[in-house]
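A.B. asks: show me how the following folds:
(2 chains)
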Amino acid sequence: MKFWSVFSVVTLALVFTSQAKTLSNEELRSDFQSALSLASETELFIGQIEKGRLLAQFQAGHADYLRDAAMRHASKLRESSRDSGDRKIVATCAEQLESLARELALLSTMSGNDEALPKARERVEAIKSSITAARAEL
Amino acid sequence: MKKLLGVTLGIMTALGGFVDLGQIVFTTQAGALFGYKLLWTIVLGTVGIILYMEMCGRVAVVAGEPVFAVVRRRLGNRLGLATLVASNLLNLITCAAEIGGVAIILHLLTGWPERAVLIGSGVAISAIIYLSKFQWIERSFGLSGLLMIVFGVAAVVLHPDWREVLSGLNPIAEMSGKKQVLLYAYFAVGIFSAMLMEYEVHFYSSGAIEEEWKPKDLGENFMVAALGSILGSFLTIALMVLGALLFLPHQIFPALLSTSIMAGAFPFAGKALTVAMFGALACIGGAAVETALSGAYNICQFYNLGWGKNHRAKDVPVFSVGWLGMLALALVIAVTGVRPLTLVNISIIFGMVVMPLTYYPILRTAAARNVMGKHVNGRIVTFLGVVFLTLITAAAVAAIPLMILTHGGQP
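C.D. replies: Predicted coordinates:
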């Protein structure tokens, strides 16, 4: 019993302390990859809206969840950028994620034939390009 | 007809275990990262769960002992109690995650505020358990979970390369770099663990006693365990295929339940999305019911107290307070705002650590001639049982280091 209690405490401590605030280069790459993944997921989402395959409530709800993920990710990057040597690049990625969150807020109510939809797609593509360019500088 | 409906125990057990919140997202992520390369873990997990589910059902029927009576007898009071505490903590965490998952789907279906739906979900699940007999619980969740077949149809309609899919049966895959190897191992352990989650056997063996199976029903025991698990396995493969076809080419790492559900109806119009949401709701809701009931079953079976969903609540007070308490605590955890997927990832990995302590006593009992008489394990079943217990133990040892090294499976 005693062994398992100590084992659990040590394990949980290791799991939680492994999320350090100062990001290593590998962690930064992983974060940029996640940011790109969110942007690509938004493009896929736009495609489904264009084809009229989503229900209104689902579209609004999914856009909210994606937006939350983008904002959470952006604030994590902003916190870590205080200690990071790549402060400017990290800040660029966080800014792009915040722009993505704004696009997602607009997407939550757009319909398939909305004239603003192609423009939104272009802006998301631009966000993706900016993140890709920033990642290349790491 | 009664025999046909009896299969629903296997279907609900397997769908609630195989296609719960964690597995839906985890397997889609595995497909998005590695294509079909981890298909072998689904096949391996399916054989393992059929083997142990059948043993649990047989032990419950022949020896009249459900899982935690066996655990106490084989492990003794101290280690048995530690297993009970760990298993019920995992059941609690999983139940909280599943209630969170139910709330997400109801929010996506109705647009109602998520916090309100979360509380409503907890109350609704409690009411369903309180008002329904065991058979109606398993039939309603088991049969409505079949709506998840839309995920399978979507996977087929998107035309995967079947030869490439089958190549995933080979566990030796080429990986580039240490990080990829660790991630591959993490997802292999995670999928294997999610398919063998303990609450499936807690629920199944208790269900066999709830349904008053007799030794003459043992033929059906295998059929029920196998059919439910194979169906769950096909749906899990469909999730991996969808991950590989929709997300891998775009380097998307799907980290949301809503993304996985959207994938389940991807090639179709809105009606299929509704079907996918109701299917996922039944499976995730079923998992919440399974974990809450399992928590109460475990306590009563360990302390040899009266239990059973088909008894009046006041005749089995500890059992009734047990499942209600599990749901209430799970709801409190869910309401704190902790993300359901974080909870479920913890339960999958820590569940793997506790797993040998659940499966070892079952194997020992099923192989004991003095307990099982003529229904004792055959040599092949015991051999396979030992092989799987070894795999489970190896995965249990690797689970936490992999979780730490991959930061919880972050690509």
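
A.B. asks: ok, B:Leu391 - contacts?
C.D. replies: Residues in contact with B:Leu391, defined by C-beta atoms under 8 Å, 6 or more residues apart in numbering or on different chains, are B:Leu44, B:Gly48, B:Phe192. (C-beta placed from N, C-alpha, C; glycine too.)

A.B. asks: let me redo that: B:Val62
C.D. replies: Going by C-beta under 8 Å, 6+ apart, B:Val62 touches B:Pro215, B:Leu218, B:Val371, B:Met372, B:Gly373, B:His375.

A.B. asks: Three-state assignment for B:Leu169, please.
C.D. replies: coil (DSSP: H, G, I helix; E, B strand; the rest coil).

A.B. asks: so where is chain A shaky, pLDDT-wise?
C.D. replies: By pLDDT under 70, the low-scoring segments of chain A are A:1-23, A:81-85.

A.B. asks: mind listing the helices for it?
C.D. replies: Per DSSP state H, chain A has helices spanning A:2-17, A:25-50, A:56-81, A:87-107, A:116-136. These are given in chain order.

A.B. asks: which ones among the contacts of B:Leu391 lie within helices?
C.D. replies: Per DSSP H, those map to helices at B:Leu44, B:Gly48, B:Phe192.

A.B. asks: excluding covalently adjacent residues, which one is nearest to the second one?
C.D. replies: In this structure, B:Gly48 finds its nearest non-sequential neighbour in B:Phe388, 4.6 Å apart by C-beta to C-beta, 6 or more residues apart in numbering or on different chains.

A.B. asks: starting at the chain centroid, how far to the helix or strand where that neighbour lies?
C.D. replies: Counting by DSSP states H and E, the element that carries B:Phe388 is helix B:379-405. The gap between the average C-alpha position of helix B:379-405 and the chain average comes to 17 Å, counting by C-alpha atoms, centre = their mean, to the nearest Å.

A.B. asks: mean confidence score for that helix?
C.D. replies: Confidence over helix B:379-405 (mean pLDDT, whole number) is 96.

A.B. asks: and it, which residues are buried?
C.D. replies: Applying a neighbour-count criterion of 16 or more other C-beta atoms under 10 Å in any protein chain shown, the buried positions in helix B:379-405 are B:381-382, B:384-385, B:388-389, B:392, B:395-396, B:398-400, B:402-404.

A.B. asks: pull up the residues of chain B that are close to chain A.
C.D. replies: When proximity is defined as C-beta under 8 Å from any C-beta of the partner chain, chain B approaches chain A at B:78, B:82, B:86, B:104, B:107-111, B:179, B:246, B:250-256, B:258-259, B:262, B:265-266, B:268-270, B:273-274, B:277, B:400, B:403-404, B:407-408, B:410-411.

A.B. asks: among the residues you listed, name the ones in strands.
C.D. replies: With strands identified by DSSP state E, none of the entries of the residues of chain B next to chain A belong to them.

A.B. asks: weed out the non-buried ones from the residues you listed.
C.D. replies: Taking 16+ other C-beta under 10 Å as the criterion, what is buried in those is B:82, B:86, B:104, B:107-109, B:111, B:179, B:246, B:252-256, B:258-259, B:262, B:265-266, B:268, B:273-274, B:277, B:400, B:403-404, B:407-408, B:410-411.

A.B. asks: let's see which of the residues you listed end up in helices.
C.D. replies: Among these, DSSP H puts B:82, B:86, B:104, B:107-109, B:179, B:258-259, B:262, B:273-274, B:277, B:400, B:403-404 in helices.

A.B. asks: could you list the low-pLDDT ranges of the stretch 1-150 of chain B?
C.D. replies: In the predicted model, the stretch 1-150 of chain B carries pLDDT under 70 at residues B:1-6, B:16.

A.B. asks: again, 80 this time
C.D. replies: Counting by pLDDT under 80, the stretch 1-150 of chain B has low-confidence residues at B:1-10, B:12-18.

A.B. asks: which residues of it fall in helices?
C.D. replies: B:2-18, B:21-34, B:39-62, B:67-110, B:114-131, B:134-144, B:149-157 (DSSP state H, counting those that start in this stretch).

A.B. asks: out of the ones you listed, nearest to B:Phe203?
C.D. replies: With C-beta to C-beta as the measure, helix B:2-18 is the member of those nearest B:Phe203 (5.5 Å).
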